[in-house]
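# I'll drop the sequence and a predicted model, then ask my questions.
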Amino acid sequence: MRLLRRRPKVFDIQVQDLVLRITAPDDLAEESRAAALSFWEQLQSYGLRHPDFNSSKRPLRRVAADAPEIVKEVVSVSSSAGVGPMFTFRGAVVDSVGRFLGQQVHDLTVACDGDYYIRSKKRMKVQVRRHGGAPITVALDGARGIGVSTTLGRGRGGQGPDGLAVVAHSCMLADAAAAGVQACLHKPDGFGMALHYLQQVPGVRGGVVVVGERIGVAGAVEIAG
């Protein structure tokens, strides 16, 4: 008897103001939506009881004993990157849906506004958009699941990056480290500081930082031709 393979398709799900684009068998769409809503509600419910979780730009030292696992991971990950948990929420939902689906399929992508969870047996390519130039393509090995956070824009006061991509073992960590990079760029010699920072955060594989004509690469990131 021949077994039918579940072929991946692209479908969108919306949870509040987040729109997740998922590449996976489309019969998982309803499960994906339910999972995303569950994880989002856990983050929001905890934030209502602990307002600092939603607003702190600095690491939190404590988390409630009854906090959901996703909240505990968010606090731990953001602290390791030296930023507050508020920067990681989108990546946390992307990660959680990706891990949930990864229990059933081996090749998938979950994307949301420049954040990606990628699990693939083949090498994948992600484009890093930038102001004033052609996109930069980064080659990724996502066999075990990785997170990518990309940013386009100068940020406040024109001191942010013209393009940014951070690759880490989770999307929430990539988000947190991307926030750390943007904080570095506001300081004197911020470009060099940002590249050094990316090499110091545990779990970050590396990144690409673009400011004007300067393109910096940190860690084990491969720019594809």
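Nice, I can see it. Not measured: the values here are computed from a predicted model.

# from now on I want contacts and neighbour counts done on CA atoms only, so please keep to that.
OK.

# and the gap between the residue most central in space within the chain and residue 212?
The centre of the chain sits closest to residue 171, judged by C-alpha atoms, centre = their mean, with a distance of 2.9 Å. For residue 171, the distance to residue 212 equals 26 Å [C-alpha to C-alpha, to the nearest Å].

# do the same with residue 187
16 Å.

# ditto for residue 82
Distance, residue 82 to residue 212, by C-alpha to C-alpha: 26 Å.

# and these two? Which one has more around it.
Taking other C-alpha atoms under 10 Å, residue 82 and residue 212 do not tie; residue 82 has more neighbours (18 against 14).

# now that one, what's its secondary structure?
coil (DSSP: H, G, I helix; E, B strand; the rest coil).

# just list the residues touching it, thanks.
For residue 82, the contacting residues are 58-59, 180, by C-alpha atoms under 8 Å, 6 or more residues apart in numbering.

# same thing but at 6 Å, please
If a contact means C-alpha atoms under 6 Å, 6 or more residues apart in numbering, then residue 82 has residue 59 as its contacts.

# ok, what's across the strand from residue 204?
When assigned by DSSP bridges, residue 204 has beta-bridge partners residue 168.

# is it true that it touches residue 170?
No - if you go by C-alpha atoms under 6 Å, residue 204 and residue 170 don't touch, sitting 8.5 Å apart.

# state the next helix or strand along the chain beyond the longest helix along the chain.
As assigned by DSSP state H, the longest helix anywhere in the chain is helix 29-49. Proceeding N to C from helix 29-49, the next assigned helix or strand is helix 52-55, under DSSP states H and E.

# counting by contacts, list what that next one packs against.
Under the contact criterion of 3 or more C-alpha pairs under 6 Å, 6 or more residues apart in numbering; DSSP states H and E, helix 52-55 touches no helix or strand at all.

# need the phi and psi values for residue 88.
Taking degrees, to the nearest 10, you get phi -110, psi 0 for the backbone angles of residue 88.

# for it, give me the pLDDT.
Per-residue pLDDT puts residue 88 at 96.

# show me what contacts it?
Contacts of residue 88 by C-alpha under 6 Å, 6+ apart are 172, 175-176.

# then residue 124?
139-140.

# tell me where this protein has strands.
For the chain, strands defined by DSSP state E occupy the ranges 8-15, 18-25, 108-112, 115-119, 124-128, 136-140, 146-151, 163-168, 204-211, 214-219, 222-223.

# and these as TSV, adding distance to residue 32 and mean pLDDT?
Below are these laid out as TSV (distance: least, C-alpha to C-alpha, whole Å; pLDDT from 0 to 100):
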stretch	distance to residue 32	mean pLDDT
strand 8-15	8	90
strand 18-25	9	94
strand 108-112	10	94
strand 115-119	14	94
strand 124-128	22	85
strand 136-140	24	87
strand 146-151	18	92
strand 163-168	23	94
strand 204-211	26	93
strand 214-219	32	92
strand 222-223	31	85
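
# between those strands, which gets nearest to residue 34?
strand 8-15 (9.2 Å; C-alpha to C-alpha).

# residues near the residue nearest to residue 37 when sequence neighbours are not counted, how many?
Setting aside the residues directly before and after it, residue 37 is nearest to residue 15 in space (C-alpha to C-alpha, 6 or more residues apart in numbering), at 5.9 Å. Other residues near residue 15 come to 15 when the count uses other C-alpha under 10 Å.

# cheers, nothing more for now.
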